[in-house]
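Colleague: sequence first, predicted model second:
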Amino acid sequence: MERILMISYFAPPVLSAESILVGKLLPELARHYQVDLIAVGEDPDFRKDEALAKWMTAENVHVYRYNNPKPANKIVRRLYQKSSALFQDVNDKWMRQVLLHHKLQPPYKLIYSRSQPGISHLVAHEFKHRLGIPWVAQFSDPWANNPYHQYPVEWMHAVDQKNEATVIRNANRLIFPTLEIRNLVASHYPDVKVKGISSIFPHYFADCLYGEADAANPAESGSREGRIVISHIGDFYGLRSPEPLLKALAAIEQKRPEINQRLHVRMIGNVEQKFHSMIDTMREKTGATVERVGQVPYLQSLAEMKQSDILLLVDAPSDVNLFLPSKLIDYFGARKPIMGITSQQGTTGSLIRQYGFPVIDPREPERIAAALIDMAEEFDRYSRRAADNDYEIFTAESVAAELVNLFEHLRQ
């Protein structure tokens, strides 16, 4: 069995979106290759979910972990990160640990790196130079030109731009989750035929994990005596606010209070402190139940999806949504009706509409209210649609098969 060298800063048991994607992909890649994975060891800035760790025990997967040296004190660590970010990638010390201590064991078929963070690609670039083999770099988000990333000083952007350019100009193949992200990246490198060397692969879900989630978190699913459970699974922070949803509930209270009496809204994830009073005020003014649950382990989040009646995706306001949240793909795997409070333009909105569910701009609470009323009144129709939709292209098996085909093509 041929071997590949995979580099991803995040991997289970670290609890992050990128780590979860890596965990779902590894068992599928291990069906085709011996995978040597380089990842971070202890990192005080991220939580762990030990239930994810068993994904790393797949046969044919060997994991090599290197710590990212950081100050133990949280305040000192933040100061260190802010100062170091002015001149280099904040994870540069991790890269130095890997390049200094990791002993390459070729032959490898190719190098496969993932981000974010982009430091994984910089390690891959160095190993490509040492080994002289093909390199595939996969981006989950834009690196240097993320519209939601504000740089305090311009030269911090210049550092990221330089690092991203190294990847774009040296990788043999690039992978992006949406056309919008690929086009954004391509617009900054007119000297590189980015579209010619790139592929669009979506995020993916693993069907088997929903069964594990149900076993670990058994609960009755479906509508309970006319009550409709609407769950938003993810964090509210920065510009991603619960305000559009809360304004919609207020509008429903004025027009159709009997609908609000049926709605039980659950916010499962971290909610930034500045939104708490907004939520508390809404509880007092509407017949809808609004509950803050807090962050839960990943498998429990899948169980929460399965136990909900409607799944809610809320994005920050924008004219075009560049991103594809991995959460949306997990929603597809749960096979529940979805409402998208997001831009009409972009892959996220297009996919939700494609599968027959409403998409409303976050800046239009009256239309959000109308869509919620419609979904409540036509709940059975939306539920049948969710159960009948074909989401095969978003399974981990399907996406891994496309990735393997790409790897084999590079060999030719």
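Modeller: Cool, the structure landed.
Colleague: low-confidence regions, the stretch 151-300 of the chain specifically.
Modeller: 152-153, 155, 212-225 (pLDDT under 70).
Colleague: what about the helices in it?
Modeller: With DSSP state H, counting those that start in this stretch as the criterion, the stretch 151-300 of the chain has helices at 154-170, 179-187, 207-216, 243-255, 257-260, 276-285, 298-307.
Colleague: quick one: closest of those helices to Tyr391.
Modeller: Tyr391 lies closest, by C-beta to C-beta, to one member of the helices of the stretch 151-300 of the chain: helix 207-216, at 9.5 Å. Backbone N, C-alpha and C define where each C-beta goes, glycine included.
Colleague: list the contacts of the helix or strand harbouring Ile352.
Modeller: Using DSSP states H and E, Ile352 sits in helix 347-354. Around helix 347-354, the neighbours that count as contacts under C-beta atoms under 8 Å, 6 or more residues apart in numbering are 177-180, 313, 315, 321, 323-325, 328, 338-340, 342-343, 358-359.
Colleague: can you name the next helix or strand after that helix?
Modeller: Assignment by DSSP H and E places the next element after helix 347-354 at strand 359-360.
Colleague: other residues contacting that next one?
Modeller: Strand 359-360 is contacted from outside by Met339, Gly340, Ile341, Thr342, Gln344, Gly349, Ile352, Arg353, Arg367, Ile368, Ala371, using C-beta under 8 Å, 6+ apart.
Colleague: could you redo the last one with a cut-off of 7 Å?
Modeller: Applying C-beta atoms under 7 Å, 6 or more residues apart in numbering, the contact partners of strand 359-360 are Gly340, Ile341, Thr342, Gln344, Gly349, Ile352, Arg353, Arg367, Ile368, Ala371.
Colleague: which helix or strand contains the first one?
Modeller: Secondary structure assigned from DSSP H and E places Gly340 in strand 338-341.
Colleague: so for that strand, what gets flagged as buried?
Modeller: Within strand 338-341, the residues scored as buried using 16 or more other C-beta atoms under 10 Å are Ile338, Met339, Gly340, Ile341.
Colleague: likewise for stretch 165-185?
Modeller: Applying 16+ other C-beta under 10 Å to stretch 165-185 flags 165, 167-168, 171, 173-178, 180-182, 184-185 as buried.
Colleague: domains of this protein?
Modeller: Here the domain parsing of the chain from automatic domain parsing is 3-204+395-411, 207-392.
Colleague: relative to Pro365, how far out is Gly333?
Modeller: 29 Å (C-beta to C-beta, to the nearest Å).
Colleague: related to what we said a few turns ago, show me what the strand holding Gly340 is in contact with.
Modeller: 244-245, 310-315, 331, 348-349, 352, 357-360, 362, 368, 371, 375.
Colleague: was I right to think Gln161 contacts Ala144?
Modeller: Yes: with contact defined as C-beta atoms under 7 Å, Gln161 reaches Ala144; the gap is 4.3 Å.
Colleague: of the two, which one has the most company?
Modeller: Using other C-beta atoms under 10 Å, the more surrounded residue of Gln161 and Ala144 is Ala144, with 21 against 15.
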